[in-house]
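K.L.:
Any chance you could fold what I've pasted below:
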Amino acid sequence: MTIPAKLPNPSRYCKDEVMTELDWEHYFQLRKDLDHFVSAEDKARLHDLAMTSSMQNDQDTYDKVHKIMPLLPALAISGKNFMGLKSVQNFNLYDAKLKYPDEF
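P.N.:
Below you'll find the model as predicted:
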């Protein structure tokens, strides 16, 4: 996979994060695999499924649901700025990329 010429802006407060070429390839492959639109109805359904699986201690289902649900833009940008891009890379960043296009 080729790395785009324009990379996301660096984290504001996590200055020690270093992204190698392999890290960038992995990051953009995750963006391709995980980032997708989820309708409001599906978000509500996924939220209910996450709550149910949490109450039933079904960690596998809970983890799968959270990879599908888009991370809230405010949470995504905060996580990126304070803990680095790697901290949010395993989530659906579709909504965050719409709100903050230069950050993800």
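
K.L.:
CA atoms for contacts and neighbours, from now on please.
P.N.:
Fine.

K.L.:
Once you drop chain neighbours, what's closest to the most centrally placed residue in the chain?
P.N.:
Central residue of the chain (Cα atoms, centre = their mean): Phe91, 2.9 Å from the mean position. Among residues not flanking Phe91 along the chain, Lys67 sits closest, at 5.1 Å (Cα to Cα, 6 or more residues apart in numbering).

K.L.:
so that neighbour sits right up against Asn90, yeah?
P.N.:
Yes. Under the criterion of Cα atoms under 8 Å, Lys67 makes contact with Asn90 at 6.9 Å.

K.L.:
Quick check: neighbours shared by the two?
P.N.:
Leu34 (Cα atoms under 8 Å, 6 or more residues apart in numbering).

K.L.:
Report how many residues lie close to Ala5.
P.N.:
6 (other Cα atoms under 10 Å).

K.L.:
one step back: count the residues that sit near the residue nearest to Phe91.
P.N.:
Neighbour tally, Lys67, other Cα under 10 Å: 15.
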